[in-house]
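*Asks:* Have a look; sequence and predicted model below, questions after that.
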Amino acid sequence: MNYVIDAPEVPSLPVRGSGQLFPIHRIYCVGRNYAEHAREMGHDPDREPPFFFQKNPDTIVPDGGEFPYPDKSSNVHFEMELVVALSKGGKDIAEADALDHVYGYALGLDMTRRDLQGEAKKMGRPWEIGKAFEHAAPCGDVIPVSRIGHPASGRIWLNVNGQLRQEGDINQLIWNIPETISCLSGLFTLAPGDLIYTGTPAGVGPIDRGDVMNGGVDGMGEITIRVT
Ligand code: MN
């Protein structure tokens with residue numbers, strides 16, 4: 001290729017147990033997808049249509065990596081989430097076909113500059129500065145469907161420094177995975193390599209430099225990220 005500058009690297013995640021990599025196209029996130037979390041953020045968890053935002057693919061941090069405390073914030077929150085990794089894309093994907101588009105699943109942290117997100121909400125501004133900053137998307141290995149199937153229930157949890165901070169069950173998702181893929185594909189053309197962070201259970205809170213975040217979903221192992 002005859003690029004005028006060096007082409008950026010394709011961000012990727014290890015595929016568990018294979019030595020291969022999953023290349024990342026886009027990162028989509030679902031907002032308020034567990035009722036208890038919607039309530040703790042001051043919202044009515046009625047089943048309104050899901051809403052979405054994006055993170056930048058080059059903000060991925062792998063399992064075991066470091067999350068440098070970001071600039072311009074004094075209230076950075078963890079959000080432990082189940083992540084869906086797509087092998088196929090498309091538009092207007094039917095719920096009944098949605099799971100055929102999934103390559104695998106991963107454990108993610110939707111790191112959030114809550115103070116900047118709060119100001120943006122108040123002023124009707126976009127959320128990028130609160131959600132899409134450097135290192136904002138820690139994510140563990142992608143576990144192929146061929147190894148774990150399609151998890152629909154199981155405890156999701158996050159410890160900080162060994163203390164339980166978030167707990168729920170992925171069967172509490174207000175919009176389940178087929179519904180989420182179907183709805184998102186009506187708004188964006190999905191593609192192989194897309195990741196979808198499916199939302200966080202209740203208990204979100206702040207972290208500090210030196211903290212160790214460690215979370216998981218039953219049957220999927222754990223992710224550990226150190227705040228530096
Ligand atoms: Mn989130």
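*Replies:* Looks like it came in fine.

*Asks:* From now on I want contacts and neighbour counts done on CA atoms only, so please keep to that.
*Replies:* OK.

*Asks:* shouldn't G205 be in contact with D110?
*Replies:* No - no contact is recorded between G205 and D110 when judged using C-alpha atoms under 8 Å, the distance being 11.9 Å.

*Asks:* Between these two, which contacts overlap?
*Replies:* In terms of C-alpha atoms under 8 Å, 6 or more residues apart in numbering, G205 and D110 are both contacted by the residues F78.

*Asks:* So which of the two has more stuff around it?
*Replies:* Of the pair G205 and D110, D110 is the one with more neighbours under other C-alpha atoms under 10 Å, namely 23 against 15.

*Asks:* who are the neighbours in contact with the more buried one?
*Replies:* 78-81, 131, 136-138, 197.

*Asks:* which residue sits closest to L164, ignoring its sequence neighbours?
*Replies:* Excluding the flanking residues, the one nearest L164 by C-alpha to C-alpha, 6 or more residues apart in numbering is L158, at 6.0 Å.

*Asks:* what's across from that neighbour in the sheet?
*Replies:* Beta-bridge partners of L158, counted by DSSP bridges, are Q166, G215.

*Asks:* Does it touch E167 like I think?
*Replies:* Yes - because the distance of 6.7 Å satisfies C-alpha under 8 Å, L158 is recorded as touching E167.

*Asks:* Compare those two and say which is more crowded by neighbours.
*Replies:* Comparing L158 with E167 by neighbour count (other C-alpha under 10 Å), the higher total belongs to L158, at 28 against 20.

*Asks:* Next up, the contacts around the more buried one.
*Replies:* Under the criterion of C-alpha under 8 Å, 6+ apart, the contact partners of L158 comprise 80, 164-167, 213-216.

*Asks:* And for S146?
*Replies:* Taking C-alpha under 8 Å, 6+ apart as the criterion, S146 is in contact with G104.

*Asks:* what's the distance between it and the ion?
*Replies:* From S146 across to the ion, the span is 26 Å (C-alpha to the ion, to the nearest Å).

*Asks:* buried set for the helix or strand where that residue lies?
*Replies:* According to DSSP states H and E, S146 maps onto helix 145-148. Residues of helix 145-148 classed as buried: V145 (neighbour count, 16 or more other C-alpha atoms under 10 Å).
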